[in-house]
Each structure stands twice: as structure tokens, then as C-alpha cells.
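*Asks:* Have a look at this prediction, sequence included:
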There are 2 protein chains.
Amino acid sequence: MSRRGLLIILSSPSGAGKSTLAGRLRKWDDSLRFSVSATTREPREGEENGKDYFFVSVPEFQEQVASGDMLEHARVFGNYYGSPKAPVQAAIEAGRDVLFDIDWQGAQQISNSALQEHVLSIFILPPSITELHRRLVSRGQDAAEVIEKRMQKSWDEISHWDGYDYVLINDDLDATEERLKTIISAERLRRSQQPDLVNHVRELQTQFGERE
Amino acid sequence: MSRRGLLIILSSPSGAGKSTLAGRLRKWDDSLRFSVSATTREPREGEENGKDYFFVSVPEFQEQVASGDMLEHARVFGNYYGSPKAPVQAAIEAGRDVLFDIDWQGAQQISNSALQEHVLSIFILPPSITELHRRLVSRGQDAAEVIEKRMQKSWDEISHWDGYDYVLINDDLDATEERLKTIISAERLRRSQQPDLVNHVRELQTQFGERE
């Protein structure tokens, strides 16, 4: 039976392990698509347009929001971020799950969108704040000031944990990975993801009719 | 972390394999409890009070319904059937899942009850009507007339397939068993089943406070 794809939202404060987990899920199932966000911020070194982000101007971004082409959008640290709708719709209709690495504001918007019955939202919590800070520092990517800014945003993000279907404490990467796979495997079986079921039931109905 | 138990509703027409699957789930996890229904029908040979059913009189049954002690109840073939609430509440608070072998009417009532956020409802479909009939006949339990009555009730049951969270076509017992295990394992991880998460988040909040 063919199935419909899920919109899998993965949210967490930076440093909780979300990117590592998303990478592992992609390895587990390479049919999984990442939703590439559009943003008005400047590309960082090494970032590729269309792969890491769609880099657009502010007027372009606003135009897309106004035309209803964004599934969700938000302003973070003075820049706009949003998830273009068309590639997501195409993927889920082709039976492919789409992974969203977005914050609680985006999660809330997608969870209330027309596609809400296909949404699976998961929040990843760190085991402790010390550990969250340690992971941000050990990435060695960001200046102390940026790390502090991220830490401050963390509580804002964590405080919205209760808007998600699933909330996992990432105290062990392998265990969290297994849980994510179990959750995704199950949610793919949901009635709402199985458009062909209605045909099977119609077939049963016909067979009942023929018995009479 | 302690968890809250699920109310797992398994519905299907007779002959779709539900009892076999329920038995396999019990073997997989012996902490799973079966909800023992109360009924006003006469015990059949070999049936044990308190194990197969709670056999009660019509006035006793009506009294329990009136006092709100039944999670759901229905009248089938002239007899009353119902699920007593107290043992279910005790089990799920102790973190044990409870399995309900009930029809769509009962499923609907439990899905709309105060415990609805802990309900997981699954419908098992047969691969075909011929196969359903074959399985009923091959059990050798029932007279031809009873089988015909069950077949007639089957469509009534199947026609409510779309009120369930998950709908599985049981064309292969092992595959269906695996799917059921995946679904139950995932649903146990839902935020609503993890009452201790709120304590973890409070702990994180305290740690944030201490940083400032």
C-alpha cells in the first residue's frame, strides 16, 4: 500500500543533539527529506544556497509569506526564517517524510496548518543545563558571546516543551535514536497516513454485497 | 522515569485475528492487563467469573452504569456488556497498559471519555471477506447459524473503521504482531504518557535560574 508522508518536526534548544539525531535518521532512511528553510540572513562561510538555506531578500521573503507560500515563518535575532510549502506538499504526496528543524513558533504554526493531521512533533530535551552548555562550547563553532545568546534563547525554547506530541530526554544518543525510529515507524502506520485503506474497505463492502 | 499506562483498544470483526494477536501481545509483555468486561449474558461452558467476564444480573449492571462505574457499555444480541472503570484507572496509574477487546460502540465511548488522552485505538481488518468466513468456520466453535449472525455483524463493525487511530490489515499474523508492538512502544513514549517530564523541565528551569 502506498502511504502519505509525515511532517516530522524536530525542535530543541541548540546543543541538545538535534542535528546529530537528524543526520542519523537520514542515514537510517535516505528517503527522508529535509525541509530547507528560506532566510533573509547572510550566508555563513561554506553555506550553500538551496542546500543549507534558500537565501532571499526581505522583500522576496515578505512576498512569499503574503502569497501563502510559507508553511510557517518567524523572526529570530532580527532575521526572517520560513519553510516553503510547495516542496513539502510534493514530498508528502509522494509518500516521503519531511524533517523540519524549526523552533516552537514554527512548530506551532505547522501543527495548526491545513496539514496538521500529518504532523508528528518531537521535542528533544537536554539531560541538564550544564550538559547543554558543555555541548555548545565543545562544538567550538561559536564565540562565547554567541553561546551566551543561544543559552538565553534555550529557556524560551524549552518552556514550550508541552506543545509537542513526543518529548525525549537525550541523555544517550543511541537510545534517543532508537526511540525516534520507533516513533516514526509507528506514526507511518497511522490511519491518516494510509490513504489506500479506504479502497480496501470498499473492496470488503463489495464482497459483503456479493454474499447476499 | 515512571510512565502512565495506555488504554489500548483492539477492535475487529470476529475472525480477523484479534484474540490471537491479543494473546501474543500478552506474551510479549506480561505487564499488559486485559480489561475484563461485565456482562448480563449467561456464562458458557468453561467460562470463569472474574477471568473471562464478570457475570452480573441486569439490575446490578444498570446500577453500575447509573453510578458511573462503567467506562463504556453497550447492548449486543440482547445482552449488556461493559468495561468497569476502577480496575482500569488503578492499572494505568500504576503504569500498566490495559487492553480492551471491545466493539466500535465501546471504542467510541472510551475515546470520548475523561481518559481520552491515554487511549490508543487500533482496528484489525481481515484481508478479505472470504478469509474472514473461512477463519470463523475453521475455529469449529460455533453453529452455522451463529457464524452467519457474526458475518452479518461484521460489516456493521468494519464500517466504523475510520474512528480508530490505527487500522491494520491482518494478512500476515507475524507482520501484524510486529506492527502492533511498534505502535504500542511508540505510544508509550508520548508526552501524555510521561508524567515525570514536567519534573525534568522544572529541574532545567532551576538550573537556568542558578546561572543568572
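*Replies:* Happy to help now that I have it. Numbering: from 1, shown residues only, chains lettered A, B, ... in the order given.
*Asks:* where exactly do the strands run in chain A?
*Replies:* Listed in chain order, the strands of chain A (DSSP state E) span A:7-11, A:33-34, A:38-39, A:54-55, A:70-76, A:79-84, A:98-101, A:119-125, A:166-169.
*Asks:* Name all residues that make contact with the spatially most central residue of chain A.
*Replies:* The centroid of chain A falls nearest to A:Phe100 when counting by CA atoms, centre = their mean (2.1 Å). The contact partners of A:Phe100, by CB atoms under 8 Å, 6 or more residues apart in numbering or on different chains, come to A:7-10, A:35, A:83, A:106-107, A:110. Every C-beta, even on glycine, is put in place using the N, C-alpha and C of the backbone.
*Asks:* okay if I get the strands of chain A as TSV plus distance to A:Ile184 and mean pLDDT?
*Replies:* Compiled in TSV, those are given as follows (distance: least, CB to CB, whole Å; pLDDT from 0 to 100):
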stretch	distance to A:Ile184	mean pLDDT
strand A:7-11	7	97
strand A:33-34	13	94
strand A:38-39	25	96
strand A:54-55	26	96
strand A:70-76	19	92
strand A:79-84	19	95
strand A:98-101	10	95
strand A:119-125	7	98
strand A:166-169	10	98
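*Asks:* Which among the ones you listed is found nearest to B:Asp172?
*Replies:* B:Asp172 lies closest to strand A:119-125 among the strands of chain A, at 25.8 Å (CB to CB).
*Asks:* if we can go back for a sec, name the member of the contacts of A:Phe100 with the most neighbours.
*Replies:* Tallying neighbours with other CB atoms under 10 Å in any protein chain shown puts A:Ile9 at the head of the contacts of A:Phe100, with 27 neighbours.
*Asks:* Within range of chain B, give me the residues from chain A.
*Replies:* For chain A, the residues in contact with chain B (CB under 8 Å from any CB of the partner chain) are A:125-126, A:128-130, A:151, A:154-155, A:158-159, A:161-162, A:164-169, A:179, A:182-183, A:185-187, A:189-191, A:194, A:197-198, A:200-201, A:203-205, A:207-208, A:211.
*Asks:* which of these are buried?
*Replies:* Using 16 or more other CB atoms under 10 Å in any protein chain shown as the burial test, the residues of chain A next to chain B include A:125-126, A:129, A:151, A:154-155, A:158, A:161, A:164-169, A:179, A:182-183, A:185-187, A:189-191, A:194, A:197, A:200-201, A:204, A:207-208 as buried.
*Asks:* So which of the residues you listed sit within helices?
*Replies:* Among those, the members falling in helices (DSSP state H) are A:129, A:151, A:154-155, A:158, A:179, A:182-183, A:185-187, A:197, A:200-201, A:204, A:207-208.
*Asks:* and the residue nearest to the centre of chain A, what are its bridge partners?
*Replies:* Using DSSP bridges, the bridge partners assigned to A:Phe100 are A:Ile9.
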